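Q: Next come a sequence and a model predicted from it.
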Amino acid sequence: MKNHDYEYVRTIVQEGNFSKAAQKLYISQPALSAAIKKIEKDLNGIPLIDRSVNPVRLTAEGEYWLEKAREIDRIENQIRDHFAAAAGIWSGTISVGSSAYFCAYLLANLIREYHRRNPSCEIDLTECDATSMDQGLRKGTLDVGIDVEQLDPDLFDSYNLGKEYLLLAVPASFSINRKAVAFQIRREQILDRSFLQDEVPAVDLGLFQKEPFVLLKKNQDSYRRGMALCEEAGFEPDVTLYLDQLLTAYSVARNGQTGCVFFRDTIVQYAEDTDKLCYYKLGSPLAARDIRLSVRKNPKPTKLVRNFIRFIQEKMQGQALSAAGADSCSQGKEAQG
């Protein structure tokens with residue numbers, strides 16, 4: 001089996017057709033079709049892909065081939081990683097899956113720095129929701145998953161990369177803000193996380209029970225937490241819109257009068273400053289959640305993947321310490337003043 005055979009078949013299955021797969025692989029569709037026909041010819045002419053359906057899918061023999069090809073690819077990577085590590089060189093490919101938000105704002109710079117330190121290593125970064133990430137890790141198409149979801153602890157090892165906090169954003173045009181003005185927090189307090197200080201009061205979410213809400217779709221942690229926060233406050237929210245991404249929900253709230261939004265505190269680092277939203281701290285433990293890096297327990301991660309995990313942990317810990325230092329400086333200045 002040639003090195004690219006597995007990647008070709010895997011990508012066709014992921015994309016559902018030859019044209020999209022060819023684009024992702026940066027080759028022409030005729031070249032990809034010819035490569036697959038060559039693989040099938042070498043297998044006594046037995047087809048691996050059912051081309052009669054849309055999207056295309058693996059045949060029964062194709063499922064078997066892909067499973068075994070994945071095992072071969074994993075073993076080849078382990079051999080390559082072992083001897084690269086022995087020589088002090090990290091090389092190979094790491095497949096990472098995460099949400100669109102983490103891919104764009106958390107991982108992009110970290111992966112760029114990791115690649116700069118390890119130019120022989122390639123990172124394949126895939127945007128996916130929690131369900132797709134779980135499936136990718138189970139199938140072995142992903143080596144690492146990073147999200148706030150807690151995956152099955154019997155199947156996956158989980159590494160804590162830090163915490164994020166859900167806050168409430170309410171369109172400034174809503175009259176309820178006048179009743180809650182004493183609980184509003186500033187953007188600067190979110191950026192330096194000084195809103196976490198005990199003296200900063202949390203709002204009673206029950207004040208907003210008659211207001212419309214925008215939530216994420218039901219298969220996501222943010223939806224479950226949002227519903228639980230409202231239940232804890234004694235009401236069921238009037239949901240006017242369900243969306244896929246928190247950043248989208250935040251932008252929708254900022255640009256109109258759609259409804260109240262639970263959002264992650266780190267969003268304000270990347271969103272434009274606005275006077276169209278009022279921010280509130282939530283006092284419930286449900287508002288704090290861990291950012292997790294997950295890998296399969298069996299087979300164990302390769303040395304290369306373990307090296308990548310250590311790098312991510314160190315960088316994320318460094319960011320957390322920097323934030324803590326900023327909080328300490330802020331508190332010190334206030335004390336001096």
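A: In hand now; what should we look at? Fair warning: this is a prediction, and the values are worked out from it, not measured in the lab.

Q: Pairing partners for the longest strand along the chain, with directions?
A: If you go by DSSP state E, the chain has its longest strand at strand 156-171. Strand 156-171 pairs in its sheet with strand 260-264 (antiparallel), strand 277-280 (antiparallel), strand 288-296 (antiparallel), by DSSP bridges.

Q: Make CSV from the ones you listed and add distance to Tyr114 to it.
A: For every residue, glycine as well, the C-beta is placed using N, CA and C. Formatted as CSV, the entries for the strands paired with strand 156-171 read as follows, by distance: least, C-beta to C-beta, whole Å:
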stretch, distance to Tyr114
strand 260-264, 23
strand 277-280, 33
strand 288-296, 13
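
Q: With respect to burial, which of the ones you listed scores highest?
A: Sort these by mean neighbour count, taking mean count of other C-beta atoms under 10 Å, and strand 260-264 sits at the top with a mean of 25.

Q: tell me what the host helix or strand of Asp81 is packed against?
A: Assigned by DSSP states H and E, Asp81 falls within helix 60-86. On a contact count with 3 or more C-beta pairs under 8 Å, 6 or more residues apart in numbering; DSSP states H and E, helix 60-86 meets helix 3-15, strand 92-98, helix 303-336.

Q: one step back: the longest strand of the chain: which residues count as buried?
A: 156-159, 161, 164-171 (16 or more other C-beta atoms under 10 Å).

Q: circling back to that earlier point, okay if I get the strands paired with strand 156-171 as CSV plus distance to Thr141 and mean pLDDT?
A: Shown next, in CSV, are these (distance: least, C-beta to C-beta, whole Å; pLDDT from 0 to 100):
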stretch, distance to Thr141, mean pLDDT
strand 260-264, 27, 95
strand 277-280, 39, 96
strand 288-296, 11, 95
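
Q: Show residues contacting the very next helix or strand once past the longest strand of the chain.
A: The helix or strand immediately downstream of strand 156-171 is helix 176-179, counting by DSSP H and E. Residues outside helix 176-179 that contact it (C-beta atoms under 8 Å, 6 or more residues apart in numbering) are Val170, Gln184, Leu207, Phe208, Lys210, Glu211, Cys278.

Q: just to revisit the earlier point, may I ask which two of the buried residues of strand 156-171 are separated the most?
A: Farthest-apart pair in the buried residues of strand 156-171 is Asp157 and Pro171; separation 41.5 Å (C-beta to C-beta).

Q: re earlier: out of the contacts of helix 176-179, which are buried?
A: Val170, Gln184, Leu207, Phe208, Glu211, Cys278.

Q: residue contacts, the nearest residue to the fourth one once chain neighbours are set aside?
A: Across the structure, with C-beta to C-beta, 6 or more residues apart in numbering as the measure, the residue nearest Phe208 apart from its sequence neighbours is Cys260 (5.5 Å). Applying C-beta under 8 Å, 6+ apart, we find Cys260 in contact with Leu168, Ala169, Val170, Pro171, Phe174, Phe208, Glu211, Pro212, Phe213, Val214, Pro237, Ala253.

Q: returning to what we had before: quick one: buried residues of the helix holding Asp81?
A: Of all the residues in helix 60-86, those buried under the rule 16+ other C-beta under 10 Å are Gly62, Trp65, Leu66, Ala69, Arg70, Asp73, Asn77, Gln78, Arg80, Asp81, Ala84, Ala85.

Q: Hmm, the last one is touching Thr302, no?
A: No - look at Ala85 against Thr302 with C-beta atoms under 8 Å: they stay out of range, at 9.2 Å.

Q: Domains in the protein, by residue range?
A: Following automatic domain parsing, one gets these domains for the chain: 1-86, 162-290.

Q: Arrange the buried residues of helix 60-86 in CSV, one row each, with distance to Leu106 and pLDDT as further columns.
A: Compiled in CSV, those are given as follows (distance: C-beta to C-beta, whole Å; pLDDT from 0 to 100):
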residue, distance to Leu106, pLDDT
Gly62, 36, 94
Trp65, 36, 94
Leu66, 31, 92
Ala69, 32, 91
Arg70, 28, 87
Asp73, 27, 83
Asn77, 25, 75
Gln78, 28, 77
Arg80, 28, 74
Asp81, 25, 71
Ala84, 27, 71
Ala85, 26, 70
